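[1] sequence and predicted structure, then a few things I'm wondering about:
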Amino acid sequence: MQTTTIRTAPSCADDREPGILKVEEARRRILDAVTPLKGEERLALRSALGRVLARDVISPIDVPGHDNSAMDGYALAGAQLPESGFLDLRVRATVAAGDRFEGSCKNGECIRIMTGAPMPAGTDTVVMQERTMELSDGRIRIGTGHRRGENVRRAGEDIAAGAVVLEAGRWLAPADLGILASLGVAEVSVRRRVRVAFFSTGDELRGVGEPLAEGEVYDSNRYSLYGMLRRLGAEIQDMGVVRDDPVALRTAFAEAGELADVVITSGGVSVGAADYTKAVLEELGEMAFWKIAMKPGRPLAFGRLGNAHFFGLPGNPVAVMVTFYQFVLPALHWMASGREWRPLIVEAIAAEPLRKRRGRYEFLRGVIEPGDDGILSVRSVGRQGSGILTSMSRGNCFILLDEEQGDVAAGDRVRVQPFAALTHCQG
Ligand code: AMP
Ligand code: MG
């Protein structure tokens with residue numbers, strides 16, 4: 001039988017294509033094009049959670065502020081600690097956290113001390129209560145096995161006065177709020193948030209709450225985009241659905257380019273008859289259009305629109321999320337913080353064989369979990385089509401199979417990017 005395959009242009013079913021970009025190269029070009037934003041504001045501590053510190057924070061004080069006890073026990077001068085036998089000490093006083101012992105502790109004496117109480121003058125060691133015996137005459141007995149200086153937290157051991165505690169560019173995490181509070185800092189300067197405008201394109205799209213006619217689908221991309229942007233702390237401008245109509249698109253593009261630092265669209269970047277994104281962007285801004293050797297998410301338009309950077313993501317719901325996490329997120333991170341995005345990537349054992357075509361990067365959705373032996377293993381969520389959005393919800397990670405990777409055998413090591421590390425900025 002004679003075969004009659006027609007192929008007039010390269011498509012996503014092809015292995016290799018001249019000019020097709022590698023994922024790493026596309027990411028590098030994007031990061032070369034965007035620059036960190038200027039502008040800052042002062043916020044009360046709680047409101048600064050998830051925001052980016054605009055200036056270094058220098059500690060005004062030592063933390064802890066004074067040498068203090070790490071245990072409930074007895075403070076004494078460590079030089080007296082016995083090397084053999086016992087030592088009996090008179091208990092002169094008791095100090096609790098917040099108290100102060102005004103006198104000075106002499107040899108043959110000790111002070112009953114509670115966790116957090118300042119070390120009395122003349123003492124440098126705390127013997128924990130459980131290692132002492134109370135005698136009947138107001139004295140206590142300790143034995144051997146103690147070390148001079150034990151159970152004492154030194155002034156400034158966590159943070160020294162004058163030290164840089166948190167550096168500019170840091171995303172403030174819960175621990176950072178606690179650290180700033182421990183310094184008595186009530187307000188911080190944070191960088192302004194990235195303004196992101198986004199809209200969906202497609203004549204077939206309907207909003208939630210509207211009835212669906214034959215051939216129509218609900219617009220889900222604006223919701224997953226909203227969720228991803230919200231988690232990353234962007235200032236969001238949701239511009240709704242724009243029809244596949246060059247006039248409507250021109251208006252939406254012009255408006256978005258005015259009000260945002262970043263404009264994101266989904267859909268309309270392929271070669272279909274209703275795909276106008278490229279043409280309109282070329283007309284109103286500057287466009288780089290790339291086919292990226294990846295699955296899902298092959299076509300990506302990137303460029304400028306007024307003062308904004310533009311990302312034209314593909315329409316398929318999984319492709320939107322994959323291209324957002326792989327390309328938009330590193331750019332937003334850099335713009336917001338001036339720091340490079342370094343996502344957590346871990347190794348896991350493939351629990352099953354995975355089919356993979358060489359020559360393109362594939363981002364499979366997987367489930368990673370520790371086995372009974374504590375070793376991480378990962379399996380595919382199953383169907384991997386770029387329209388199967390439930391794969392992003394059932395999965396908890398991307399299995400990263402790069403261009404060189406071929407089929408994976410069960411038991412092979414693979415690199416995995418947990419979703420948890422993508423949904424909040426850090427570092
Ligand atoms: P396109 O890239 O515009 O050709 O769209 C590719 C596929 O994604 C089509 O099946 C669209 O119906 C679907 N699609 C595009 N935009 C959305 C959206 N906002 N929500 C859900 N599906 C979409
Ligand atoms: Mg479309």
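    That came in fine, so what should we check first? Residues are numbered from 1 along each chain as shown. Ligands and ions are numbered 1, 2, ... in the order given.

[2] point me to the residue of the chain nearest ligand 1.
    Here the chain gets closest to ligand 1 at one residue, Gly315, 2.4 Å apart by CB to the nearest ligand atom. For the C-beta atoms, the positions are set from N, CA and C on the backbone; glycine is no exception.

[3] quick one, domains of the protein?
    Domain assignment for the chain by automatic domain parsing gives 23-35+194-337, 40-63+165-191, 68-153, 346-422.

[4] next one: the residue nearest to Tyr325 when sequence neighbours are not counted from Arg304, what distance?
    Closest residue to Tyr325 apart from its sequence neighbours, by CB to CB, 6 or more residues apart in numbering: Leu422 at 5.0 Å. For Leu422, the distance to Arg304 (CB to CB, to the nearest Å) stands at 26 Å.

[5] those two: which has the busier surroundings?
    Leu422 (21 against 18; other CB atoms under 10 Å).

[6] pretty sure the residue of the chain closest to ligand 1 sits against Thr265.
    No: if you go by CB atoms under 8 Å, Gly315 and Thr265 don't touch, sitting 9.3 Å apart.

[7] now do the shared contacts for the two.
    Ser200, Thr201 (CB atoms under 8 Å, 6 or more residues apart in numbering).

[8] got the residues of the chain near ligand 1?
    Within the chain, the residues that sit near ligand 1 (CB under 6 Å from any ligand atom) are 200, 202, 204-205, 217, 219-221, 266-270, 272, 314-317.

[9] out of those, which are buried?
    Neighbour-count burial (16 or more other CB atoms under 10 Å) applied to these gives 200, 202, 204-205, 219, 221, 266-270, 314-317.

[10] out of those, which are inside helices?
    Among these, DSSP state H puts Asn221, Pro317 in helices.

[11] can you pull the phi/psi pair for Ile292?
    Note on Ile292: backbone dihedrals following degrees, to the nearest 10 are phi -110, psi 140.

[12] can you tell me which residues contact it?
    Ile20, Leu21, Lys22, Val23, Ala26, Arg298, Pro299, Leu300, Tyr361.

[13] can I get the residues you listed in JSON lines with secondary structure and neighbour count?
    Formatted as JSON lines, the contacts of Ile292 follow (DSSP: H, G, I helix; E, B strand; the rest coil; neighbours: other CB atoms under 10 Å):
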{"residue": "Ile20", "secondary structure": "coil", "neighbour count": "19"}
{"residue": "Leu21", "secondary structure": "strand", "neighbour count": "18"}
{"residue": "Lys22", "secondary structure": "coil", "neighbour count": "16"}
{"residue": "Val23", "secondary structure": "helix", "neighbour count": "20"}
{"residue": "Ala26", "secondary structure": "helix", "neighbour count": "23"}
{"residue": "Arg298", "secondary structure": "coil", "neighbour count": "23"}
{"residue": "Pro299", "secondary structure": "strand", "neighbour count": "22"}
{"residue": "Leu300", "secondary structure": "strand", "neighbour count": "24"}
{"residue": "Tyr361", "secondary structure": "strand", "neighbour count": "22"}
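
[14] ok, of those residues, which one's closest to Gly395?
    Using CB to CB, Tyr361 comes nearest to Gly395 of those, at 16.9 Å.

[15] surely that closest one and Ile399 touch.
    No: the criterion here is CB under 8 Å, and Tyr361 misses it with Ile399 at 11.2 Å.

[16] show me where the stretch 251-400 of the chain has its strands.
    Per DSSP state E, counting those that start in this stretch, the stretch 251-400 of the chain carries strands over the ranges 262-266, 286-291, 294-295, 299-305, 308-313, 346-350, 361-370, 376-380, 397-401.
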